[in-house]
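Student: Here is my input, please return the structure:
(2 chains)
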Number of protein chains: 2
Amino acid sequence: MTLISNDPADFADEALAGFCDVHAPLVRQVDGGAVRRSAPAQPKVAVLLGGGSGHYPAFAGLIGAGFADGAVVGNIFTSPSAQQAVAVARATHSGAGVVFAYGNYAGDVMNFGVATERLRGEGIETENVIVSDDIASAPVGERERRRGIAGDFTVFKILGAAAEEGADLPEVVRLGRKANDFTRTLGTAFAGCTFPGADHSLFSLPEGMMGLGLGIHGEPGLEDLPLPRGEELGRTLVERVLEERPDGAGDRVAVILNGLGSTKAEELFVLWRTIGPLLRDKGLELVAPEVGELVTSLDMAGVSLTLMWLDDELERLWLAPAETPAFRRGRIDAQRLIPSATELIPVRAPAPSAIPPGSEASRNYARSCLEALAAAQHTLHRLEPTLASLDSIAGDGDHGRGMVRGVDAAVTAAREAADAGAGAGSVLTAGGDAWADKAGGTSGVLWGAGLRAWGQRLGDEESPDDGAVAAGVASFADRISALGGAQPGDKTLVDALVPFVAELTAGVDRGVPLPQAWETAAAAAEAAASATAELRPLKGRARPLAEKSLGTPDPGAISLAAVFSAMGPAFAPAGSVTR
Amino acid sequence: MTLISNDPADFADEALAGFCDVHAPLVRQVDGGAVRRSAPAQPKVAVLLGGGSGHYPAFAGLIGAGFADGAVVGNIFTSPSAQQAVAVARATHSGAGVVFAYGNYAGDVMNFGVATERLRGEGIETENVIVSDDIASAPVGERERRRGIAGDFTVFKILGAAAEEGADLPEVVRLGRKANDFTRTLGTAFAGCTFPGADHSLFSLPEGMMGLGLGIHGEPGLEDLPLPRGEELGRTLVERVLEERPDGAGDRVAVILNGLGSTKAEELFVLWRTIGPLLRDKGLELVAPEVGELVTSLDMAGVSLTLMWLDDELERLWLAPAETPAFRRGRIDAQRLIPSATELIPVRAPAPSAIPPGSEASRNYARSCLEALAAAQHTLHRLEPTLASLDSIAGDGDHGRGMVRGVDAAVTAAREAADAGAGAGSVLTAGGDAWADKAGGTSGVLWGAGLRAWGQRLGDEESPDDGAVAAGVASFADRISALGGAQPGDKTLVDALVPFVAELTAGVDRGVPLPQAWETAAAAAEAAASATAELRPLKGRARPLAEKSLGTPDPGAISLAAVFSAMGPAFAPAGSVTR
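Tutor: Model (predicted):
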């Protein structure tokens, strides 16, 4: 159980603030996360780790000399927003480029991807190294689909050491990807974890069973097995990981035996007594093995075994010194650790982007956009408990809160833009950016990017005719499909979005008046959203919950259908005629 | 739950072996515990930490330069034996003396006390620093009765740094005791911990409640309170600890916010967000605060707050560098950390103590002693499940196993001594030493020391008459009473021992034949042991269990009465006549 909290919604923020307070000699808090206290003596590649909270010491605990330059810190088990990633990158960029490193999860991939585009647009060289070490999450032939778990640590360590040595961005990225190619992890969970304020765990396992390969957010694993004795568990982990020995791997390995949260150090040592000798018996030389908590999942009980096969350069980087709040190795040059006033990194606040003035027609249409967002806000507040309840079955229960946070921010930002004289396109764009920033996670980045695409399609000059309205919605949908990669039938918001766009476009094409076409489209979306109850999620949570979600509609589809339905009177007012 | 184990009885040994394997660059395993890999460059005071297992990183995780020279490692929540302490001291003594440092628990005080006597007998200067920081365990006026909890860490750190600086034994002890005088801790538990292999927790708290002041082995606390919000919890801990500000304390403090096992780093950071600023608001300067797991209790959920008020010398030592498996600070001279063949501490195995040959009369009586021990062994094996069951109510369920381990070792050692021609006194002494060594804990040290006293009284020359038999038993009892300090009525083995000795002595004094006097005494002991069911233990486990033990006799008293009853035919054979 996670038992210490104030307002559970503030848990991740408060934990970050407390962490930065006690570790003030090494780190400081910035917008979006935390960064090193000391600036590098000369420009270096900024290695920025990221992901949701709840995995300490990943990710902020690994900020420091020889390791990360900063961490982008999302809510619990929720990707940080692209805006957060951009802010942390700006605070740490010293002229040699930025690499974002994170586990392979949809929300992280999308948010860091969007941030990468924006930073490149600002002239900051930015690359991504995505960790995919979890052998249980996809077959060996589909490594790009695998999730990132405790192998985050080995890959991040290589990146941090390479950047500290002064390698340039392409070289740092090459080494990080090589580390990922040579890293394999298998995890197993004995019991679920509990969100702050929750009175039941996110998932559960039958008493006396373990979920082999279960993910760090409770994603489905390989199989449920009776919890074995320590020696048998050690053998299973070693054998399964060694089966995945990469091509070209040598005999030296970095090893991590990682505790997931409630599995204690002494249990890990008992297990290591089997694992260490067994690996040596297989002819492997163990290089600076680590036994402890490195990538956790709140209070989940369980362990994971990670091997990174080493060649000379990976071994040198694995053994390189590091000094972070949660991990120290060797001795860092003392001068790197002493902050001075002149060395502090100035936080380069971005120049506020000037809002281009809109035409009068577009400013008028912006009022409809505002009205539509306000209607969405009203609906989402009303629906929040329903969405939370739906999401608690197949997800982590935060969909309602995330949507509310996003739409609240969007309405505020859109209104400010409109008050400043922006046209309709800039109003939607401002709303979308704010939505993505404040909501974070998968739904946040999708809604934000969708609204931005819609706004860019609208522009700040024209007042759209019916065809242009439909084209705006289609831009919204295209961007979401491209970014999220979900197909109809995957039990996501796309299941409601695709029929909405299809009906609206077909109706407008046939000359049906916009209000009627919108109404028909909204009805189709709502029907499709309800029908997602019949679907099994493609990438659900742990198996029992994935099964349990059968019979429950997808909260993302439900919220999308409700929002488009609510937007109808604004975008397609009853009295309007086909233009 | 503690879920990873093989044979639960081997858990502590296996954890130690795994720990020493993975941390082989810094530590190595020796008889009785673990020591530094590298020897000191010149003689220094050996700082030896100790106590039961289950508290990692206390105690073995703190071995290393600037901290401990070794750790004496007992079974889970059980004091190590005096023999273990002696062995670790011999492995680390470099000529400047030894200081044992441990929390104030009866078993530790006794075992380290016995070890101290033995080491002094071997010419090794030995001192003890006993930590008593737990403000919940006794009133401020009775600090010597207080238990040691997370303040172990601050006191040990001062000792380790002082010894590393080259302070001599009296100075190291002075600084350690000063650190203890200026250290205060208050803990609180939210949920109990589970022994390896156990299917229920050692104690439990009502749902939604916390035990303020509850001890790290589940000892009774101050009061049970509804689990508050993080901010209120932080305020409570700060206010109660500050109420105990020591006389002469300044404004600078070392601070530890310690997690007990299942309370995660992120929860501790949330709590620190209240505690850190609150302490600063009180005008305190926080010097290198630590937030994390430093003294744990298996998987117990809970936290403790420790303050050590600093003056200049304590601050210097608190900030001094250290490099251990679980704790690093600053930079230790590299040369201290590089082991070389010549620097390795030779393990000085004690010269095997020559067994003095016994007289023929005493060698004959030694056969009776062996027979008595064999009878005790038979009885304790038979009783083991009963004792385990009784002890699971008021204790941790290991009394039966501890007695069996002890008596098995005693019989083996006594038989070897008898085979080597020892007299009765040496046979009982050898048996007692082996009992204390293998059993550890409180019952082990008491039975071992008692048998040793009995053997010394007997000597290796005479065959005892009835008065001398009674006097031998009285020596056994006197030693146990002196060492343990328990009074009749405290619900311990003393409740059965005192009436046994009284009846036996009175009977022999009155000229009652020994077999009859023994039988009467054994009956009195058994009645008294049963009557302990009516008693409330003086220092029980958590309150609910202490109450629950009402109605259950004390397992130590039951086993003592059974053993003395079983020994009757050997020490007082039916056909014998008064001599």
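
Student: count of residues packed around residue A:331?
Tutor: A count of neighbours around residue A:331, defined by other CB atoms under 10 Å in any protein chain shown, yields 14. C-beta: built from backbone N, CA, C; applies to glycine.

Student: As a check, name the ranges of all strands in the stretch 301-450 of chain A.
Tutor: When secondary structure is read from DSSP state E, counting those that start in this stretch, the stretch 301-450 of chain A shows strands at A:301-309, A:322-323, A:328-329.

Student: Relative to residue A:59, which of the ones you listed is closest?
Tutor: Each of the strands of the stretch 301-450 of chain A has some distance to residue A:59 by CB to CB; the shortest is strand A:322-323, at 14.3 Å.

Student: tell me the mean pLDDT for the closest one?
Tutor: Taken as a whole, strand A:322-323 has an average pLDDT of 94.

Student: who's in contact with it?
Tutor: Strand A:322-323 is contacted by residues A:26, A:64-67, A:157, A:160-161, A:328-330, A:332, A:336-337 when judged by CB atoms under 8 Å, 6 or more residues apart in numbering or on different chains.

Student: Next: stretch A:556-573.
Tutor: Taking CB under 8 Å, 6+ apart as the criterion, the residues outside stretch A:556-573 that touch it are A:368-369, A:371-372, A:374-376, A:378-380, A:383, A:386-387, A:390, A:399-400, A:403, A:443, A:469, A:491-497, A:500, A:514-515, A:517-519, A:521-522, A:525-526, A:528-530, A:532.

Student: From the residues you listed, list just the buried residues.
Tutor: Taking 16 or more other CB atoms under 10 Å in any protein chain shown as the criterion, what is buried in the contacts of stretch A:556-573 is A:368-369, A:372, A:374-376, A:379-380, A:383, A:387, A:390, A:399-400, A:403, A:443, A:469, A:491-497, A:500, A:514-515, A:517-519, A:521-522, A:525-526, A:528-529, A:532.

Student: Torsion angles phi and psi at residue A:299?
Tutor: With angles defined as degrees, to the nearest 10, residue A:299 sits at phi -100, psi 30.

Student: Now do the contacts for it.
Tutor: Shown in contact with residue A:299 (CB under 8 Å, 6+ apart): A:1, A:2, A:193, A:194, A:261, A:262, B:262, B:264.

Student: Of the strands of the stretch 301-450 of chain A, flag the one that's most buried.
Tutor: Counting by mean count of other CB atoms under 10 Å in any protein chain shown, strand A:301-309 has the highest mean neighbour count of the strands of the stretch 301-450 of chain A, with a mean of 27.

Student: Alpha carbons of that one, as CSV, please.
Tutor: The C-alpha atoms that make up strand A:301-309 are tabulated as CSV, following Å, rounded to 0.1, in the frame of the first residue of the first chain:
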residue,chain,number,x,y,z
ALA,A,301,6.4,-7.1,-4.9
GLY,A,302,8.7,-8.7,-7.4
VAL,A,303,12.1,-8.8,-9.0
SER,A,304,13.8,-8.6,-12.4
LEU,A,305,17.1,-9.8,-13.8
THR,A,306,18.9,-7.7,-16.3
LEU,A,307,22.0,-8.7,-18.3
MET,A,308,23.9,-6.3,-20.5
TRP,A,309,26.6,-8.1,-22.5
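
Student: tell me how far that strand is from the chain's mean position?
Tutor: Here the centre of strand A:301-309 is set off from its chain's centre by 22 Å, with CA atoms, centre = their mean, to the nearest Å.
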